Each structure stands twice: as structure tokens, then as C-alpha cells.
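Undergrad: Sequence isn't available, so here's the structure alone:
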Ligand SMILES: C=C(O[C@@H]1C=C(C(=O)O)C=C[C@H]1O)C(=O)O
């Protein structure tokens with residue numbers, strides 16, 4: 001069966017978006033494949049191992065997903081957008097049962113989710129540290145596995161899958177928070193009503209160049225629905241312009257404008273012509289409480305306001321079973337893909353963190369291990385940096401603190417025991433870390449006081 005990749009682990013917003021896409025029924029026979037990074041999703045499509053990949057492109061409060069844009073501009077230049085969908089995104093604060101908001105000392109999540117909840121975090125958790133993870137679902141899994149007073153920002157689906165409780169609901173600062181996802185493939189879509197075209201271009205470094213390039217669209221009456229710039233990565237001050245416009249690349253005015261742009265000597269990369277999922281269903285959301293753009297990213301102009309004017313921006317017509325302002329939950333009521341429903345009630349009651357409904361295979365498990373390893377490296381680097389800072393506060397020759405080392409080892413052992421791992425094993429790992437920490441501090445020589 002042909003495969004479609006998405007950014008995992010299961011429980012991410014990308015997975016929910018993929019469920020929407022598959023539920024819409026245009027592509028029935030695609031097997032979802034969960035991958036640890038956006039790079040892996042695009043590389044899989046590029047190599048032909050995946051028929052398609054579903055990735056986030058922009059968010060109504062945080063703007064572009066830079067990694068996706070950069071990969072399309074610089075690395076995977078043979079990939080095209082085939083479909084887009086805009087989904088409302090609601091974030092919840094998740095923690096192990098029994099935790100309270102006041103007790104949370106660290107909040108883990110994907111950088112975009114942390115950014116979208118920054119106001120809430122400042123107001124209600126001013127003392128908590130933020131820690132970035134590869135995905136919201138990975139954050140939930142880490143909180144579930146840790147004995148620390150940590151919380152994750154993520155979906156209810158992730159909470160269910162990992163046995164976490166929802167400490168606070170809908171903590172995103174912008175009520176009409178929505179993300180635009182696109183399906184990428186090796187060809188773009190056929191012409192049709194309601195099509196959109198996305199492209200990237202660069203202009204020569206001369207006065208009026210951007211103005212003249214944009215005039216090619218204006219003079220042909222082409223409506224630009226988005227314009228954004230990113231560094232061209234050649235040198236400081238050079239930019240690529242990302243544009244979305246209404247129309248298919250084969251529509252006469254669009255075709256002419258693109259030819260004119262190319263003739264100007266501008267670098268041009270067509271990202272494809274495509275229709276939103278379920279034509280005409282993209283709705284402009286109402287304005288959130290004074291935040292974000294008036295209409296969510298990717299919403300078409302001229303649409304009626306979102307359901308209830310509450311900022312929903314569904315791109316699928318069929319909303320049976322979907323919450324008005326929330327993401328659909330994998331509760332089996334209205335979500336038409338039983339294959340995605342995670343472990344049964346018994347699992348949930350036992351708080352078992354099941355990643356896949358039917359046991360994942362070797363490649364999938366290894367991909368998940370790779371994602372955990374990447375996070376471990378990040379955490380180890382964080383520890384080293386802290387150790388170095390501590391070293392700078394010490395006097396040269398007085399680096400070791402045996403009482404502190406004992407405490408660190410004791411705590412590691414306790415956490416291991418609580419998580420069902422042999423304490424001795426974890427202590428050995430920490431002995432190695434402490435040895436390395438002392439070396440780092442020795443090298444920096446302590447404070448010169
Ligand atoms: C980091 C410190 O320095 C050393 C390294 C330690 C560690 O890696 O945890 C603990 C005690 C010290 O011997 C510290 O004093 O906190």
C-alpha cells in the first residue's frame with residue numbers, strides 16, 4: 001500500500017490533520033507512517049519511499065513553520081503542494097494525575113506550542129522552565145515517564161495515550177489559533193475551481209525590483225493571499241519571497257505573470273497549484289481576543305465566518321463529531337478511522353502509554369528511538385552547560401562536592417525505581433555524567449578568585 005508520512009509520534013497535531021485528510025476520503029489507500037522530523041517526511045517523499053507527506057506550513061499566531069519552508073526552498077526542490085487544510089489548534093496543559101498547576105516546575109513542548117501559550121505560561125507559571133521537545137506528543141510521553149513536577153503542552157489524545165490528566169484546558173493565547181497543513185508529493189494538483197498557487201521567488205538587489213515583481217500579479221488582477229520573506233541563505237540582506245495566490249498555474253493570467261517573473265531573471269520555484277481540502281469549505285475564523293491576523297493563515301477570503309464565529313477554520317465540510325472550537329479527539333465517536341484509535345479502555349485505565357494501536361514494527365520503533373536519542377543529546381548538552389556555569393562559581397581546586405554527588409545519585413536511583421528500572425543501572429549512567437561534569441569544570445579551571 002502507498003504510504004503517507006507525517007511528523008510523529010502519534011498524538012501530534014500532524015497526526016490529527018492526517019486523520020482529517022484521510023477521513024475526507026480523497027485518498028483512501030494511504031498507509032500513515034510516523035516519522036521523527038519534518039526533514040524525514042520530506043526526504044521520504046523525495047526518495048519515492050512515500051507517496052506523500054503531510055506537514056505544517058504556517059500557524060495563525062506564530063506565522064510560518066520555517067523548517068518546512070526552508071526545506072522546500074533549499075533542499076527538496078522537486079516536491080509540490082497537492083492539498084491544503086486549515087485546522088483549529090487547541091493546546092492543553094497535561095501532567096501526571098495528582099499534579100496541580102502551582103506545583104509545575106517545567107513545561108515541555110514543541111517550540112511552536114510553547115510560543116502559542118507564552119502568555120498563559122507567563123501569567124500562571126512564571127517560575128517554570130520551558131523545555132523544547134521534538135513534538136507535543138513526545139513532550140507528553142516524557143512527562144508521563146518522568147517523576148518530576150513537569151507538565152506538557154499537547155493534545156487530549158496525547159494525554160489519553162500517555163495516561164496524563166488535563167490540568168488546564170485551551171491554554172493557547174489566541175482563541176482562533178489555527179494551523180495550515182499541506183500534503184506534499186512529487187506532482188502538483190489538477191486545475192479546478194478554488195485553486196491556489198504557491199511559489200518562491202528572489203529578486204535582484206536593485207531599487208524597485210520587488211515592487212515591479214509584485215506588479216506582474218497586480219496588473220493581471222491576481223489576488224495574493226500571502227507574502228512572506230525568508231533569508232535566502234546566500235548572504236545577509238538577501239531574501240526569498242514566499243507567495244500564495246488565488247488561481248492555478250495554468251490559468252492564463254497566472255501563467256503569464258509567472259512567465260513575466262521568470263523573464264525578469266528572478267529565481268522562481270513553483271511550489272504547486274492545489275485545492276483546499278473539500279473545495280470552498282475553508283472558512284475565515286472570527287477575530288480572536290485582539291490577537292493574530294484577522295483571518296487565520298490560509299483561510300480564503302470571501303468565506304463566511306467560522307462556526308459560531310469562534311475562530312474555527314475547518315477545511316473539511318463534514319464536522320460530525322468534531323468539537324466546535326477544538327480539534328477532533330480520537331474518542332471513537334465520530335472519528336471515522338478505527339485503525340487509529342489507540343489502546344483500549346483497559347490500557348487507558350492502566351495509564352499505559354501506547355504509541356500505536358497495533359504493535360509498531362521494527363522500523364517504526366527505531367524511528368522513535370532516534371527521536372528519543374535526539375532529545376537525550378539535547379538534554380545532555382543542557383546539563384553540560386549548567387555544569388559549566390556551576391564550575392564558574394567555584395574556586396579552582398575546589399570542584400568536587402561529594403555530598404551533592406551523593407544526592408544526585410540517590411535521586412537518579414529513586415526515579416529509576418519509581419519508573420520500574422533497576423536503580424543501579426541509572427546510578428551507573430549518572431556516575432559517568434558526574435565524572436564528565438568534573439572534567440568539564442576542571443578544564444574551565446573554576447573562578448579566578
Ligand atoms: C555540577 C556540580 O559539580 C560537580 C558535578 C556534579 C554533577 O555532575 O551533578 C555534582 C557535584 C560536583 O562534584 C555541582 O557542584 O553541582
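TA: Perfect, I can see it now. Just so it is clear, the model here is predicted, and its values are computed rather than measured.
Undergrad: Just say helix, strand or coil for the residue in the stretch 101-250 of the chain positioned nearest to the ligand.
TA: Using CB to the nearest ligand atom, residue 148 is the residue of the stretch 101-250 of the chain that sits closest to the ligand, at 15.6 Å. Every residue, glycine included, has its C-beta placed from N, CA and C. Residue 148 falls in the coil class when you classify it by DSSP: H, G, I helix; E, B strand; the rest coil.
Undergrad: which residues does it contact?
TA: 105-106, 415 (CB atoms under 8 Å, 6 or more residues apart in numbering).
Undergrad: Which members of these occur in helices, if any?
TA: With DSSP state H as the criterion, helices contain residue 415 from among these.
Undergrad: And the contacts of residue 148, which of them are buried?
TA: 106, 415 (16 or more other CB atoms under 10 Å).
Undergrad: List just the nearest of the contacts of residue 148 to residue 40.
TA: residue 106 (27.2 Å; CB to CB).
Undergrad: Hmm, residue 150 and the closest one touching each other?
TA: Yes. At 4.6 Å, residue 106 counts as touching residue 150 under the criterion of CB atoms under 8 Å.
Undergrad: which SSE is residue 229 in?
TA: Using DSSP states H and E, residue 229 maps to strand 224-231.
Undergrad: List the buried residues of the helix or strand following that strand.
TA: As assigned by DSSP H and E, the chain's next helix or strand after strand 224-231 is strand 239-246. Buried residues in strand 239-246, counted by 16+ other CB under 10 Å: 239-246.
Undergrad: One more: stretch 100-117?
TA: Applying 16+ other CB under 10 Å to stretch 100-117 flags 104, 106-110, 112-117 as buried.
Undergrad: Show me which residues of the stretch 301-449 of the chain are close to the ligand?
TA: 387, 390, 400-401, 404-405, 408, 433-434, 437-438, 441 (CB under 6 Å from any ligand atom).
Undergrad: Go through these and name the one nearest the ligand.
TA: Nearest to the ligand among these: residue 437, at 3.2 Å, using CB to the nearest ligand atom.
Undergrad: Which elements pack onto the helix or strand containing residue 69?
TA: Residue 69 is part of helix 66-70, with elements assigned from DSSP H and E. Counting by 3 or more CB pairs under 8 Å, 6 or more residues apart in numbering; DSSP states H and E, the packing neighbours recorded for helix 66-70 are helix 38-46, strand 52-59, strand 224-231.
Undergrad: Now do the contacts for residue 45.
TA: By CB under 8 Å, 6+ apart, residue 45 lies in contact with 5, 51-53, 76, 79, 184-186.
Undergrad: Kindly provide the distance from the closest residue to residue 416 other than its chain neighbours to the ligand.
TA: Among residues not flanking residue 416 along the chain, residue 426 sits closest, at 3.6 Å (CB to CB, 6 or more residues apart in numbering). Distance check for residue 426 against the ligand: by CB to the nearest ligand atom, to the nearest Å, it reads 14 Å.
Undergrad: Not counting the helix or strand containing residue 214 itself, show me its contacts.
TA: Using DSSP H and E, residue 214 sits in helix 209-218. For helix 209-218, the external contacting residues (CB under 8 Å, 6+ apart) are 201, 203, 224, 227, 241, 243, 245, 257, 260-261, 264, 266.
Undergrad: Most neighbours among the residues you listed, please name it.
TA: residue 257 (26 neighbours; other CB atoms under 10 Å).
Undergrad: Buried residues, the strand or helix carrying it. List them.
TA: Using DSSP H and E, residue 257 sits within helix 252-263. Across helix 252-263, burial judged by 16+ other CB under 10 Å covers 254, 257-258, 260-261.
Undergrad: Same check on stretch 69-89?
TA: Here stretch 69-89 shows 69-73, 76, 79-89 as buried, counting by 16+ other CB under 10 Å.
Undergrad: Among those, which are located in strands?
TA: Counting by DSSP state E, the buried residues of stretch 69-89 place 80-88 in strands.
Undergrad: nearest to residue 171, of these?
TA: Using CB to CB, residue 88 comes nearest to residue 171 of these, at 14.3 Å.
Undergrad: and the closest one, what pLDDT?
TA: At residue 88, the pLDDT value in this model is 89.
Undergrad: again, but for residue 79
TA: Reported pLDDT for residue 79: 96.
Undergrad: how much space between it and residue 73?
TA: Going from residue 79 to residue 73 by CB to CB, to the nearest Å gives 11 Å.
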